[in-house]
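[1] Pasting the sequence and the predicted coordinates here, then a few questions.
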Amino acid sequence: MQEFFAANLPYLLSGISAGGQYALIAIGYTMVYGILRLINFAHGDVFMVAGLVMVYTTASLPMYISIPIVLIATVVLGFLIERAAYKPLRSAPRMSVMISAIGVSYLLQNCALYFTGGLAQTYPAIPFLSKSVVIFGATTKMVTVITPILTIVLVFVLVALIKYTKIGMAMRAVSKDFETSQLMGIKINSVISVTFVIGCFLAAVGSLLWFSNYQSIVPTSGSMPGLKAFVAAVFGGIGSIPGAVIGAFIIGICENIIKGVGLTTFSDAFTFVLLIIILLVKPTGIFGEKATDKV
Amino acid sequence: MNTTLQPKKNKTGSYIAIVCLVVLYAILFVLDNFVTGSSMLMLMTVLRKGAIYSLLCVSMNLLNGFTGLFSLGQAGFMLIGAYAYSIFSIPRDQHDTVYQYFGGGAIKFSIAEEIGKLLGENAGNWLGAIVAIIIAGVVAAIFAALIGIPVLRLKSDYLAIATLGFAEIIRAVFQWNGLGVITNGSNLLRKYPTFADMKIGSLSFATVFPFLIVTVCIGIIVLLINSSYGRAFKAIRDDEVAAEAMGISLFRHKMLSFIISSFFAGVGGALLAMFQTTVAATAFTTAMTYEILLMVVIGGIGSVSGSCIAAFLYIACNEWWLRFLDKGGIGSVSIPFFRDGFRKVVFSIVIMVIVLFFSKGIMGDKELSFTGLVNKLKKRKAARIEAAQAQEEVDAK
Amino acid sequence: MKKIIALALVVILAFSVLTACGGGEKEDVIKIGVYEPLSGSNGAGGKQEYLGMQYVNKVCPEIEIDGKTYKIELVPADNESANEKAVSAATDLISAGVSVVLGSYGSGVSIAASDTFADAGMPAIGVTCTNPQVTEGNSHYFRICFLDPFQGTVLANFAKNELGAKTAYCLGELGNDYDQGLVHYFKEAAEGMGMKVITAEFPKDSADFTSYLTSAKNEGADVIFAPCSIQYAQLIVEQADAQGIEASLLGGDTWDSNQILGAAEGKDVEIYVSTFYAEGGDPEFEEGIKAWINENAEAKTNNGGNDMIAAVTVMGYDAYFTALEAIKAAGSADKADILAKLPSVTYEGVSSAIKFNEIGDAVRDSAYIKQANTADVVWDFVTVATVG
């Protein structure tokens, strides 16, 4: 029994850790979707850029300065993307905005390719996070343990923010009804900006954790985690923050169990199978609200 | 307004179009056979690839632009087409080389050779390729039908993400070693007939062949768009609820559009396989779908001719004209920002500018029609004559 | 109308640029095409291989044919480590008028471009593409490295005899024919010697290898064989250490890179690689290239930030000289002449003597096995392995 536990615990640990990191990205997707009804395809790439910024800042600055710089730079990037690429298309059809998002994703990846010269960048080891620890006989990195805890703390803070602050109330109003809330005097643009800022902040934190675990960055590093995080958001019910977090943990854990069982070929494909099943059985996800079609 | 919607008033346009096509084929034929030299090679490559991407763009446009279904599964259907074509076309004596890790594979025949046995080698070559291309399309269409039944119930972005998911699943399945005897697992498929094998005697049709297939396919799509089905597709795009109220069966028409689009994506995939001379599933990623989508946007969502123009422009810029951006300078003059990857940065900035400021693309939802062009020229001429007359009058005064 | 004008302008501009590029051509220049991945998952390796050619182009920039001196120009084309970009990259080289092509790092892209080169009658010299299919059935593709069946067998023998391994866990990238080919030959040889072999694949752009390593541990693997590109190898090394994996890591020629050493620095991992060259084989050459790398900032960045010589760089150096030998033998820059003379070309290279067999593969019967010294961050030479 104990042997079985020791052998299989690492899968669970990896799953929980990956799940926590997916969760931090998924929140960004779910919040933006909740308000703008937009799949922000560029979100995964913002996450990748955050990693690259860290690589370049730590080359010349100490860790305690670079981490805040990374957080700020990512937030600014998110804000700028929203203003430059999504705001002009506010009244355009949804497909145009989505295409714009794909364009931004393409641009970020190509810029990353240009600046890195196509070489994989090694992420700096953050002293505390990169330490190895032994849990019940399974050796792993400190970050694996920290991730779920940090994720849950951040989610609680975020939920409190949305529930009890004025801007949180505004966000909820906007996601319920875009036009009406505008009529009620809510400044739509600032609410949307705040949404992007929060989403990108969490993506930056996610990138710190993710790349501490897997210390190599290439321009496409963000796309798969981004897609999986989006699937997690859909799984949990898009627009719902707790849903996105639970979805992310489920996907992270399932994915690693699939690898453990030996079906390694399908570890990515499995995520999409899960997505299609949930879309067919319960399109609104586990925690999603029933959407009504307006004619 | 879409000019092709109305019945043609005069036939001049069609005649000009036919003449243009014939001239185009003639030029391509001459280029294929009598113009040699390495500098022409790039032009030929761009023309072939451009033609293939035109078809892919038009097939995606049929779905996204004309039916309003936002699908991101194009790469998946292309993959199926490319694999179907190459699996059935690899010559018998090459099986052991290609399927080196899988004991020569499970499929022990090649369509071209079977037809060649019946009708002679030349006919086998051409008919075999065409039959294999059609099979590629049909297999893609069958997959589309299977996927469409559950997926087409979904709305806009859910549909996009579900089709994207399917494309990823298809890619994993085709790379699986368990199917290796058919798909060759992670290894390349190769040695099947390519454009270079399209010959009659010593005359090469390496560029004419893809253009022929692509014009026929696009012609069929245009006919479809102008038929009652096409009008139903557009009605669904503009307003689903109203279309349903008008008695259009939503599911049936969406399904039809999805299957037809996938059929041509499969054909495009087969042509791409012929172009590349090797096929590997890794290439058919979502990035490929995005690329085609961006071409459609540049050309104008809902314009067939726009898609074609954009495809040729995109391929020519990406593969040829803008390559100097990667080379560190023009000639011997070195320019500071020019190095590997700069081409792609410039390219993506241009795309963003188009998406944001010229969201209609090159053609909007209009078509480049020869009738329209002739009318426009006539009008312009008339206007010029009028202006000249007015000027004369003014002068006279 | 405006749009048409704009379009016409773009076309004219592009053509003028092109003619400007082509106009600079001089009579006494011989162009050698470099067909390498300069970006993508194999970008690091491709750049290191190109580095060897760039260096030798500085050392030996001219060639004398019939008493006339020609300048040699390297023309690079980036295949982006992607098979679908292969055709246009190859066409780019052909239309630039190169006489012979060197490359590529990575077998898939070489196979994918092979037919394009063949149609143009372009001789190509593979530098480190080890898959048998690159040269098989081709009269225009040659290579100066050893092959996967050989390398897989060598590594299996080493795992069995030197490391005493009973169980091996093989990990390769899904859809990468280099990885899968090498795993296939390793498995064949290892199972033939009575070892237990478990295989697994990871999808493209994977970052999380922890579960694979856990599986390897649970299966009781003594050696983990992961012949993947550097990008993934770095992650595997790093995570193997974090998870306290005791099994030895075994890599193919791609692993012989200072970036792997960088990832392994100060870590508790045992890494063995098979490769073409061991440092110290030719001190004079090494001194020269190290001085050049240290002087040249861009070269140093492309070499991963230090001056350690990768085997692929040495191979790039040898490939350049092999091409020069062929040009000399042909007595002209004409590709058909070079192609005719290439099979009989021999060259005493830094990595080994180069001679082609009837298929066009180099006659090489030995591979170097090296171990990563994680304390001093160098490769320690272990043994020269041969088969048969």
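    Yep, it's here.
[2] rest of the way, CA atoms for contacts and neighbours
    Noted.
[3] List the buried residues for stretch B:232-250?
    Residues of stretch B:232-250 classed as buried under the neighbour-count rule (16 or more other CA atoms under 10 Å in any protein chain shown) are B:232, B:233, B:234, B:235, B:236, B:237, B:240, B:243, B:248, B:250.
[4] State the pLDDT value of the last one.
    The pLDDT attached to residue B:250 in the predicted structure is 91.
[5] how close does it sit to chain A?
    16 Å (CA to the nearest CA, to the nearest Å).
[6] for that residue, what are its contacts?
    By CA atoms under 8 Å, 6 or more residues apart in numbering or on different chains, the contact set of residue B:250 is B:236, B:240, B:243, B:244.
[7] will you turn those residues into JSON lines that also has secondary structure and pLDDT?
    Supplementary listing: the contacts of residue B:250 in JSON lines, determined by DSSP: H, G, I helix; E, B strand; the rest coil; pLDDT from 0 to 100:
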{"residue": "B:236", "secondary structure": "helix", "pLDDT": "92"}
{"residue": "B:240", "secondary structure": "helix", "pLDDT": "89"}
{"residue": "B:243", "secondary structure": "helix", "pLDDT": "92"}
{"residue": "B:244", "secondary structure": "helix", "pLDDT": "91"}
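[8] near chain C, which of these show up?
    Contacts with chain C are made by none of the contacts of residue B:250, judged by CA under 8 Å from any CA of the partner chain.
[9] name the element residue C:54 belongs to?
    Residue C:54 belongs to helix C:43-59 when assigned by DSSP states H and E.
[10] follow-up on the earlier one: check the contacts of residue B:250 against residue A:143 and report the nearest one.
    residue B:240 (49.3 Å; CA to CA).
[11] residues touching the closest one, list them.
    Counting by CA under 8 Å, 6+ apart, residue B:240 has contacts residue B:250.
[12] Please repeat the previous calculation with a cut-off of 10 Å.
    A:295, B:67, B:68, B:233, B:234, B:246, B:248, B:250 (CA atoms under 10 Å, 6 or more residues apart in numbering or on different chains).
[13] Kindly report the same for residue B:229.
    Contacts of residue B:229 by CA under 10 Å, 6+ apart are B:223, B:235, B:248, B:253, B:256, B:257.
[14] Over to residue C:137?
    B:97, C:359, C:360 are the contacts of residue C:137 under CA under 10 Å, 6+ apart.
[15] Mind checking what helix or strand follows the lengthiest helix in chain A in sequence?
    In chain A, with assignment by DSSP state H, the single longest helix is helix A:2-36. Downstream of helix A:2-36, the next assigned helix or strand under DSSP H and E is helix A:43-58.
[16] Now do that next one against helix A:2-36, angle only.
    Helix A:43-58 and helix A:2-36 are oriented at 110 degrees to each other (axes from the mean of the first three to the mean of the last three CA atoms, to 10 degrees).
[17] Rounded mean pLDDT for helix A:43-58, please.
    94.
[18] Name the nearest residue to residue B:156, sequence neighbours excluded.
    Leaving aside its sequence neighbours, residue B:156 sits nearest to residue B:70 (CA to CA, 6 or more residues apart in numbering or on different chains; 5.7 Å).
[19] Then the one you found would be within a strand, right?
    No - the assignment for residue B:70 is coil, going by DSSP: H, G, I helix; E, B strand; the rest coil, so no strand is present there.
[20] That one contacts residue B:257, doesn't it?
    No - with contacts counted by CA atoms under 10 Å, residue B:70 stays clear of residue B:257, the gap being 11.8 Å.
[21] joint contacts of the two?
    Shared contacts of residue B:70 and residue B:257 (CA under 10 Å, 6+ apart): B:63, B:64.
[22] Pull out the buried positions in the helix or strand that contains residue B:268.
    Using DSSP H and E, the element containing residue B:268 is helix B:250-276. Using 16+ other CA under 10 Å as the test for burial, helix B:250-276 gives B:250, B:253-276.
[23] Note down every partner strand of the next helix or strand after it and its orientation.
    For helix B:250-276, the following helix or strand on the C-terminal side (DSSP H and E) is strand B:278-279. In the sheet, strand B:278-279 lines up against strand B:189-190 (antiparallel) (DSSP bridges).
[24] mind giving me the domain ranges of chain C?
    For chain C, the structural domains run C:28-146+C:285-356, C:148-275+C:367-386, going by automatic domain parsing.
[25] Tell me, how many residues neighbour residue B:35?
    For residue B:35, the count of nearby residues is 12 (other CA atoms under 10 Å in any protein chain shown).
[26] what do you get for residue C:220?
    Counted with other CA under 10 Å, residues neighbouring residue C:220 total 15.
[27] For it, give its distance to chain B.
    Note on residue C:220: its distance to chain B, by CA to the nearest CA, is 24 Å.
[28] For chain A, which segments are assigned as helices?
    A:2-36, A:43-58, A:63-81, A:94-116, A:142-164, A:166-176, A:178-183, A:188-213, A:223-236, A:241-261, A:267-281.
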